[in-house]
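>>> here is a sequence with its predicted model. Questions after.
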Protein chains: 2
Amino acid sequence: MSNVSSSKNSLEGKEPRRSKGQNSREAILLTATRLATIKGLSGLSLGDLAAEVGMSKSGLYAHFKDKEELELAMIETAAVIFDHEVLQPAMRANGGTERLRAAADAYLSHLERRVFPGGCFFASVAAELDTRPGRARDRVFEVIARWLSLLGQCILEAQEIGEIDSKAEVDQAVFEIEAMLLSANFFFVMSNDLIHLTQARRGVENVLARLAVSVGSKNKGRGLTN
Amino acid sequence: MSNVSSSKNSLEGKEPRRSKGQNSREAILLTATRLATIKGLSGLSLGDLAAEVGMSKSGLYAHFKDKEELELAMIETAAVIFDHEVLQPAMRANGGTERLRAAADAYLSHLERRVFPGGCFFASVAAELDTRPGRARDRVFEVIARWLSLLGQCILEAQEIGEIDSKAEVDQAVFEIEAMLLSANFFFVMSNDLIHLTQARRGVENVLARLAVSVGSKNKGRGLTN
DNA sequence: CATAAAAACGAACGGTCGTTTTATTGCCTG
DNA sequence: CAGGCAATAAAACGACCGTTCGTTTTTATG
């Protein structure tokens, strides 16, 4: 509502008027992805979206041949945003637990900054599509799988560096860490209370602390550094 | 038309001498709650529901004055089922960690037995309603709050019995345990793979193991209790 | 058994859905 | 300045939404 697309009142000055199609498509998708985390993919109607973006329903069809294509484009847009807001900050950190913490922090931060007003786009959409097969569902699951794979890679690297017990089970660790993040999303969206982001951060730390000392009472000088 | 609530046949026999309305209402609600975990509360149309229970759309209005009342009735029905399938089994166990394990097991078991085909009714519906205020949302949050309170009560009892470090923070423990269960629901519905139920069980055990030994978090200096 | 109430029906309503068709605008290019 | 084209608008489409209506069937009861 605060960006380019607010051309409701015809103030059509001589502002950057070129390549309107591209701008318009991007503005539509940005509004759409944000709206979808509130109303859901199916719940978001073309009428709603058109009104929100300040154009007519039929105008949308200049950019998308049907709603499925719009949904797929929304997913791609959300994937780009997720990459920019979460994956890339994580990749800028060093590997191992440092990168894992960076990934968790970036994820929780994007919740806190309400990059999507309805919380994590992919958690929201996956919950809606989990029992509804189709291309949209497949793509969403793919993005989530890639995210889980990044977490797993961090654990593996942490084992190679010696930050984490080499006998720890990677999948179990990924499940537990992702559990903290998913629940943070669930409860934060539900309650608007920042405490759940803190709880998730501590939960991740607790998991990492256990993984660093799991088998036998080892030297504890390594695990927690902060 | 293929599953439970097989419409007329099962109800029409000479068995039930009670008022038919009551039976019918129950049959409708049973089908509706199950269907709602797949299609969502809003996504479930009266046409779909009527077809599934084998009656006409207008026939539904003999039992519910409008869709909101139907939704509220569905939530109450789901609450009764949840009570029967999860809460009561937990309450039959002794207090403390034993009851907490029983609660987690009962929850995971009701996922595995597909009491609701779309997974946990309240997780599913809460995710849909979290940004849509109303009576339905309030009631759903209430049920979830009660569930969390039960988990918290178990932790408290476990502290009194001495099973859990008395310095452990109850809310943090509840968050982490609920995180395992919610994620089990998320990934199990998503993938149909039982492994996620096992991962959740292990996750809960890992949380309990930590609570029995140390306060966790950053202060790991001391605190071995057994 | 009679009869009133409860339950279920089929048809129709106004509204909104996604979609298509047709028409109008405004910018770029020749 | 003419023409073309991308972008949008307006209007209409059939399908389905939740809902109401009048009527008929089923059930409970005096």
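Good, I have the coordinates. Residues are numbered from 1 along each chain as shown, chains lettered A, B, ... in the order given.
>>> what's the closest non-adjacent residue to A:Met180?
A:Gly203 (3.8 Å; C-beta to C-beta, 6 or more residues apart in numbering or on different chains). The C-beta positions use only the backbone N, C-alpha and C, and glycine is treated the same way.
>>> verify the contact between the one you found and B:Asp171 for me.
No. Contact criterion C-beta atoms under 8 Å: A:Gly203 and B:Asp171 do not qualify, at 11.5 Å.
>>> which parts of chain A are helices?
Remark: helices assigned in chain A by DSSP state H are A:20-39, A:46-53, A:57-60, A:67-82, A:88-91, A:96-112, A:121-129, A:135-161, A:170-191, A:195-213.
>>> can I get those in TSV with mean pLDDT and distance to B:Ser24?
Formatted as TSV, these follow (pLDDT from 0 to 100; distance: least, C-beta to C-beta, whole Å):
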stretch	mean pLDDT	distance to B:Ser24
helix A:20-39	88	33
helix A:46-53	93	36
helix A:57-60	90	40
helix A:67-82	96	36
helix A:88-91	98	54
helix A:96-112	98	44
helix A:121-129	97	30
helix A:135-161	97	35
helix A:170-191	98	34
helix A:195-213	95	42
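>>> select, out of these, the one closest to DNA strand D.
helix A:20-39 (1.3 Å; C-beta to the nearest atom of the strand).
>>> show residues contacting that closest one.
A:3-5, A:16, A:44, A:48-49, A:52-53, A:55, A:60, A:62-63, A:70, A:73-74, A:77-78, A:81, A:116-121, A:124-125, B:131 (C-beta atoms under 8 Å, 6 or more residues apart in numbering or on different chains).
>>> are any of the residues you listed buried, and which?
A:5, A:44, A:49, A:52-53, A:55, A:60, A:63, A:70, A:73-74, A:77-78, A:81, A:116, A:118-121, A:124-125, B:131 (16 or more other C-beta atoms under 10 Å in any protein chain shown).
>>> could you dump the helices of chain A into TSV with distance to B:Val207 added?
Shown next, in TSV, are the helices of chain A (distance: least, C-beta to C-beta, whole Å):
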stretch	distance to B:Val207
helix A:20-39	29
helix A:46-53	42
helix A:57-60	47
helix A:67-82	28
helix A:88-91	25
helix A:96-112	17
helix A:121-129	21
helix A:135-161	18
helix A:170-191	9
helix A:195-213	8
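>>> got a markdown table for those helices, with distance to DNA strand C too?
Converted to a markdown table, those look like this (distance: least, C-beta to the nearest atom of the strand, whole Å):
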| stretch | distance to DNA strand C |
| --- | --- |
| helix A:20-39 | 7 |
| helix A:46-53 | 3 |
| helix A:57-60 | 4 |
| helix A:67-82 | 3 |
| helix A:88-91 | 32 |
| helix A:96-112 | 27 |
| helix A:121-129 | 14 |
| helix A:135-161 | 13 |
| helix A:170-191 | 23 |
| helix A:195-213 | 32 |
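>>> B:His196 is nearest to which of those helices?
helix A:170-191 (7.0 Å; C-beta to C-beta).
>>> on contacts alone, who are the packing partners of the closest one?
helix A:96-112, helix A:121-129, helix A:135-161, helix A:195-213, helix B:121-129, helix B:170-191, helix B:195-213 (3 or more C-beta pairs under 8 Å, 6 or more residues apart in numbering or on different chains; DSSP states H and E).
>>> ok, back up a step: tell me, how many residues neighbour the residue nearest to A:Met180?
The tally of other residues near A:Gly203 (other C-beta atoms under 10 Å in any protein chain shown) stands at 28.
>>> just A:Thr37 next, same as before
A:Thr37: 24 neighbours (other C-beta under 10 Å).
>>> if I look at it, how far off is B:Ala62?
38 Å (C-beta to C-beta, to the nearest Å).
>>> what do you get for A:Asn94?
From A:Asn94 to B:Ala62 the distance is 66 Å (C-beta to C-beta).
>>> now do A:Thr33
In this view, A:Thr33 and B:Ala62 are 42 Å apart by C-beta to C-beta.
>>> residues near A:Lys167, how many?
10.
>>> need the pLDDT of it.
Looking at A:Lys167, its pLDDT stands at 95.
>>> phi and psi next, for it.
Dihedral pair for A:Lys167: phi -90, psi 0, per degrees, to the nearest 10.
>>> residue contacts, A:Gly40?
Per C-beta under 8 Å, 6+ apart, neighbours of A:Gly40: A:124-125, A:128, B:40, B:42, B:128.
>>> torsion angles phi and psi at it?
Torsion angles, degrees, to the nearest 10, at A:Gly40: phi 90, psi 160.
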